[in-house]
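Student: could you work out the structure for the sequence below:
(one chain, ligands or ions: 1)
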Amino acid sequence: MTMNQIICGESAFTLSTFEAASIDLCITDPPYLVNYKDRDGRSLANDDNPQAVLSVFDEIYRVLKPNSYCISFYGWNAIAEFSAKWREVGFKTVGHIVWTKNYSSRAGHTRYCHESAFVLAKGWPEKPLHPLSDVQRWSYTGNRAHPTEKAVGVIAPLVRAFSLPGDTVLDPFAGSGSTAIAAALNNRNYIGIELEQHYCAIAQMRLEDVERGCLGDIAA
Ligand SMILES: C[S@@+](CC[C@H](N)C(=O)[O-])C[C@H]1O[C@@H](n2cnc3c(N)ncnc32)[C@H](O)[C@@H]1O
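Tutor: Next up is the predicted model:
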């Protein structure tokens, strides 16, 4: 298993080469299965391909250690599909976190002013020493590195609450590497897997900046 790297590849396949029960925590932000396009026309690989996204959760479950957490962002539009898959592979839902935005990212029947993630458990993990509030404040990245870039400052509290220093944190939908950076800045090991070469390169560059102590606008 390759520690502290962004692996450029497809996650279900890549994870199938990992040992079972080798990962302490998964924090991930899969495509929401909404055929997303931003204002600049940027789209997400597999956002129109439920099978290619959902099948990764079989492997996430297998590589997680017994009694561990997976925190997965999701969009409400495809919650039925995500929920069914999580249950099928064996995860229990043990929490739900909402981030409130002070702007709306879109408007439809409602204005979209929040993001959300489920806290999933494999087995019965020990509860965090300092449980997070399930309502958190969102911060906007400007989506410069990736069309759906999550702020490192949004992910870092999850890393701290649900893992310990020295643990290994996996993100199989790594994008521009925000989870990996949050893990590195908090003395955790990381493994990021990302399909698109372009975003792998960006994630690797951002992690090199972190190693050199050039944090720029990365806040954790
Ligand atoms: C919602 S984005 C993650 C953005 C990330 N949280 C960030 O802050 O940059 C999901 C990412 O998963 C990648 N992806 C989609 N299907 C994949 C798969 N089967 N294996 C690996 N990566 C995949 C996409 O290319 C996309 O970059």
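
Student: and the gap between Glu211 and the ligand?
Tutor: 18 Å (CB to the nearest ligand atom, to the nearest Å). All C-beta spots, glycine's among them, are computed from the backbone N, C-alpha and C.

Student: what's the nearest residue to that residue if we skip its chain neighbours?
Tutor: Ala184 (7.7 Å; CB to CB, 6 or more residues apart in numbering).

Student: so the one you found: helix, strand or coil?
Tutor: Secondary structure, DSSP: H, G, I helix; E, B strand; the rest coil: Ala184 is helix.

Student: contacts only, for it.
Tutor: By CB atoms under 8 Å, 6 or more residues apart in numbering, the contact set of Ala184 is Asn4, Tyr190, Leu207, Val210, Glu211.

Student: quick one: low-confidence ranges for the protein?
Tutor: Low-confidence segments of the chain, defined by pLDDT under 70: 216-220.

Student: rewinding a little: and the contacts of Ala184, which two are the farthest apart?
Tutor: Within the contacts of Ala184, two members stand farthest from each other by CB to CB: Tyr190 and Glu211, at 12.0 Å.

Student: which one of those two has more residues nearby?
Tutor: Between Tyr190 and Glu211, counted using other CB atoms under 10 Å, Tyr190 has the larger neighbour count: 25 against 9.

Student: doesn't Pro172 make contact with that one?
Tutor: No. Using CB atoms under 8 Å as the test, Tyr190 is too far from Pro172 to be in contact (11.6 Å).

Student: next one: whichever helix in the chain runs longest to chain centre, how far?
Tutor: For the chain, the helix with the greatest residue count under DSSP state H is helix 197-211. Taking CA atoms, centre = their mean, to the nearest Å, one finds helix 197-211 lying 16 Å from the centre of the chain it belongs to.

Student: over to stretch 115-135?
Tutor: A distance of 14 Å separates the centroid of the chain from that of stretch 115-135, by CA atoms, centre = their mean.

Student: can you give me the end-to-end span of it?
Tutor: Length of stretch 115-135, first residue to last, CA to CA, to the nearest Å: 10 Å.

Student: understood, closing this out.
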